[in-house]
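1. Next one to model:
(chains A and B)
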Protein chains: 2
Amino acid sequence: MNFRMVLRVLGILLICEALFMLPSLIVALLYNGHDAKAFFYSIVMILAIAVPLVFIKLRNKNIYARDGFAIVALSWIIMSLFGALPFYISGAIPSFIDCFFETSSGFTTTGASILTQIEGLPKGILFWRSFTHWVGGMGVIVLTLAILPSVGAGAVQMMKAESPGLNPGKLVPRVGETAKILYKIYLVITAVEVVLLLFGGMPLYDAFIHTFGTVGTGGFSNMNMSVGAYNNLFLEVVITVFMFISGANFSLYYQMTKGSFSVLFKDEEFRFYLWVVILSIVMVTMNIYGSVFASMLEALRHASFQVVSIISTTGFVTTDFEQWPMFSKIILFILMFVGGCAGSTGGAIKNVRILLLIKIMRRELLQIIHPKAVYSVRFGKKALDERTLTEVLGFFFMYITIFIMAVLAVSLDNLDWATNIASVAACLGNIGPGFGIVGAVGNYSTLSDFSKLVLSLCMIIGRLEIYPILLLAMPSFWKRVNI
Amino acid sequence: MNFRMVLRVLGILLICEALFMLPSLIVALLYNGHDAKAFFYSIVMILAIAVPLVFIKLRNKNIYARDGFAIVALSWIIMSLFGALPFYISGAIPSFIDCFFETSSGFTTTGASILTQIEGLPKGILFWRSFTHWVGGMGVIVLTLAILPSVGAGAVQMMKAESPGLNPGKLVPRVGETAKILYKIYLVITAVEVVLLLFGGMPLYDAFIHTFGTVGTGGFSNMNMSVGAYNNLFLEVVITVFMFISGANFSLYYQMTKGSFSVLFKDEEFRFYLWVVILSIVMVTMNIYGSVFASMLEALRHASFQVVSIISTTGFVTTDFEQWPMFSKIILFILMFVGGCAGSTGGAIKNVRILLLIKIMRRELLQIIHPKAVYSVRFGKKALDERTLTEVLGFFFMYITIFIMAVLAVSLDNLDWATNIASVAACLGNIGPGFGIVGAVGNYSTLSDFSKLVLSLCMIIGRLEIYPILLLAMPSFWKRVNI
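-> Numbers count the residues shown, from 1 in each chain, chains lettered A, B, ... in the order given. Predicted structure coming up:
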């Protein structure tokens, strides 16, 4: 492990974080909020710690795969710790653990909140809260494209195989270029959504907040009632469409800018994602029509918004789906595990893995019927090697195992089944709202500090697709010897 | 598919079922119950249908792998259908779907019941209800040993690797001999438990009922309060020990009869099973001591019984664990997925698979830290091939997928989360009691007919380790062409 290098890179990232706070400082100043001071102090504190780190003398300039993992894992934890400072210093959130929870939730684009009363908080603070979504969403795209492919975590290898124009596997030397292209796409999507929301009558400030929450698939709102507060069909449609867009693979949009619109429907994962969304909307609509909503259109409206909000792992809400029949709730619960596409800002297991798991399952059955036949699992036009399949299967087991272990940890709070299970599913999958106490109109404030820490860790584990954080817990990860 | 052969074998199995009803008929006659008639009619009806099947002329005497699967899958469904006759004809259970549920629950050694009042039922009927456990427990061992190995389903391959004295892989030509050895062990364990329960003061009839429930890891009792009705520490200890024994690999006992007692602790799966049991008992005891039981010994007593009852997938109960803190309930919930050992009468995912999954997970992490090193997953002294690992991983995914799909189906009943989730976990894992309405002192009577059919299917799917039933649903399974 190249500790000096790790510290130095963390220093650079902290300086970036201080810079990220500037827009929030400006917003606070514009609104004459007392929170401007909190941002100023936070920026000074972060720089005071970060600047010396950057001047650490390096003995060795190589970054090994392990160092990369350590940097990724530690940076998300440290960014969340320091990003919590404005909340704490301003007094907006009195408990530091709550501040950490809220900031992890922001950066990981989860959107789970411990706030019970959002609307009264200073404008700068709420801007920072949502801005972390935007930064986190962007960070994730760069991460999945730039750092993870070198070790071959299942979904990213899929992208490697599927994106000839944007091959992240061979892109490592030109990470900067890839990042620039993606940032541009991200910025364009952001700008378009802001404009559309303004057009729909949303105030400028709210438009930014909700756009950050949408494109980062985060879900923090500046309204207690989330998007439901506006009760505006146009705004809901815009947000639904942009949540869907943000849950799909961004490299597809890059390919589309080169003129090939057909790439979208040629992409197997995108087709699968689209079908899951359509099927879920139809089932939920049929289930809540009559039982909850008298009008079919109202049922379709709320089903569409909630389904897309959950599968894209955003977590905005327009209605209290806690009151829906169990069938609809279980569909939303299952979608919490499906999540977005590889290369999106969405979290959870991801559509490409679910699709491959179904294909593997089909092959296992065919193999039993015809033991002598040789079946391969194909994705797009390529047959995948067994190693990739084992990785995908292994990822699924790890995801479920971490889910179960976290459910056990949170169970010490002695809450009801819905809250216990859904809080973990919603945090690990980076969704935000769950069921029960942490449901659509609820929040995470009443959970114990221990549970909040466990859930914060779940958010980061889920966001980083498990491996980096799990590796930190392996003793052999820290050994200096390289085999 | 050799349909004539399949029908003929099903005929033979039905004749066996009619014979299995004779002891219950005798019990009914001994107690002068009106249920004797029900058994008599049932036996006649079954024979009337079965005997002609046996005389079907065969065009082809081969049983192919596919035929084997069809026989296994269909026989469990048909045995449950015809085994339900005495309940229906006697009027003990008025709804035929309830009768089918109760019989599937019996044969699959689940022990989930739709009965609200057990103690008033005729003695012959209750004897048959529990006898199905004993038949099902025995049947499963023979099935897994005799029929499945030819197609190489994960767990059996494990046994192949681990049981040199009783190698099912090479035993196919002498299935009869293997079966005989196992029946002997099964009979000895049964006899010893009956004697010990009598010694503990249990009436003879009750001793048989509870022994059937124990050695088959079923869990049907003739008492409304299950084993808790006796409130007798000695009986509870005996049953706890025999539940534990029945949840372990029976081939170990065969090897022990040849004098090698050390084989038990040399067996990796057994050690794992033992550790999971000990760890779970310790955690539950610590959790319920003080909060539920004032005495440490009482806490240990009930924790031990419930933990062993659930992990062995028996489902006897001595206390209403629905009242325990959530932490203990989640531990029991997790154990519902772990289940017994390969080659036991217990169900669920099985310890060997969980152990291998953990090993695979560890390897995946080590592989990332040292990308150039080659790691193999070892079981006992052997390195396992990748194909076996893929099978184990695939089995886990299929198990969870079926669990989720069944939860969705049952959710149409619009019940609470605990009941919805735990009923499926308890039926798929062949445990019996779950949480909520179907909890320790509850039952499955209030569920809809649709849910009861879904759960019956779950029991059979779980008992047959998924593949046979899933294959029935594949169109290519039924094609006559052999590739």
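
2. got a list of what whichever residue of chain A sits closest to chain B touches?
-> Chain B sits closest to A:Leu393 of chain A, with a gap of 3.6 Å, by Cβ to the nearest Cβ. For glycine as for every other residue, the C-beta is placed from the backbone atoms N, C-alpha and C. Residues in contact with A:Leu393, defined by Cβ atoms under 8 Å, 6 or more residues apart in numbering or on different chains, are A:357, A:360, B:390, B:393-394, B:396-397.

3. Which one (most neighbours) among the residues you listed?
-> Counting by other Cβ atoms under 10 Å in any protein chain shown, B:Leu393 has the largest number of neighbours within the contacts of A:Leu393, with 27 neighbours.

4. what secondary structure does the most far-flung residue of chain A relative to its centre sit in?
-> With distances taken as Cα atoms, centre = their mean, the residue sitting farthest from the centre of chain A turns out to be A:Lys372, at 42.9 Å. Under DSSP: H, G, I helix; E, B strand; the rest coil, A:Lys372 falls in the coil class.

5. and the residue of chain A closest to chain B, helix, strand or coil?
-> helix.

6. confidence score at it?
-> You'll see A:Leu393 listed with a pLDDT of 93.

7. And the helices in the stretch 301-450 of chain A?
-> Along the stretch 301-450 of chain A, counting by DSSP state H, counting those that start in this stretch, helices occupy A:326-338, A:351-369, A:386-410, A:417-428, A:449-463.

8. most packed of those?
-> helix A:417-428 (a mean of 28; mean count of other Cβ atoms under 10 Å in any protein chain shown).

9. isn't A:Gly434 right up against A:Ala426?
-> Yes - the pair A:Gly434 and A:Ala426 passes the contact test of Cβ atoms under 8 Å, sitting 3.7 Å apart.

10. what do these two both touch?
-> What both A:Gly434 and A:Ala426 touch, as defined by Cβ under 8 Å, 6+ apart, is the set A:112, A:336.

11. Can you check the pLDDT for the nearest residue to A:Asp206 once chain neighbours are set aside?
-> Nearest in space to A:Asp206, with sequence neighbours left out and distances taken as Cβ to Cβ, 6 or more residues apart in numbering or on different chains, is A:Asn222 at 6.0 Å. pLDDT for A:Asn222: 96.

12. burial of A:Asn222, as a residue count?
-> A:Asn222, neighbours per other Cβ under 10 Å, totals 21.

13. Help me confirm that it comes into contact with A:Glu119.
-> Yes - at 7.0 Å, A:Asn222 and A:Glu119 qualify as touching, with contact defined as Cβ under 8 Å.

14. Near the nearest residue to A:His133 once chain neighbours are set aside, how many other residues are there?
-> In space, and not counting its chain neighbours, A:His133 is closest to A:Gly218: 3.0 Å by Cβ to Cβ, 6+ apart. A:Gly218 is flanked by 35 other residues according to other Cβ under 10 Å.

15. just A:Asn287 next, same as before
-> Using other Cβ under 10 Å, A:Asn287 has 23 neighbouring residues.

16. Please report the distance of it from B:Val338.
-> 33 Å (Cβ to Cβ, to the nearest Å).

17. A:Gly218 now?
-> To B:Val338, A:Gly218 is 36 Å away according to Cβ to Cβ.

18. for A:Phe250, same thing?
-> 40 Å.

19. now A:Leu471
-> A:Leu471 is 26 Å from B:Val338, by Cβ to Cβ.

20. Equivalent analysis for A:Ser304, please.
-> 39 Å.

21. cool, and A:Ile334?
-> Counting by Cβ to Cβ, the gap from A:Ile334 to B:Val338 is 23 Å.

22. With A:Ser75 instead?
-> From A:Ser75 to B:Val338 the distance is 36 Å (Cβ to Cβ).

23. Tell me which other helices or strands the helix or strand A:Leu7 falls within touches.
-> Secondary structure assignment for A:Leu7, by DSSP states H and E: helix A:3-30. Applying 3 or more Cβ pairs under 8 Å, 6 or more residues apart in numbering or on different chains; DSSP states H and E, one finds that helix A:3-30 makes contact with helix A:35-54, helix A:65-83, helix A:123-146.

24. any chance of these in JSON lines, plus mean neighbour count, distance to B:Leu10 and mean pLDDT?
-> Shown next, in JSON lines, are these (neighbours: other Cβ atoms under 10 Å in any protein chain shown; distance: least, Cβ to Cβ, whole Å; pLDDT from 0 to 100):
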{"stretch": "helix A:35-54", "mean neighbour count": "18", "distance to B:Leu10": "74", "mean pLDDT": "96"}
{"stretch": "helix A:65-83", "mean neighbour count": "21", "distance to B:Leu10": "56", "mean pLDDT": "86"}
{"stretch": "helix A:123-146", "mean neighbour count": "24", "distance to B:Leu10": "53", "mean pLDDT": "84"}
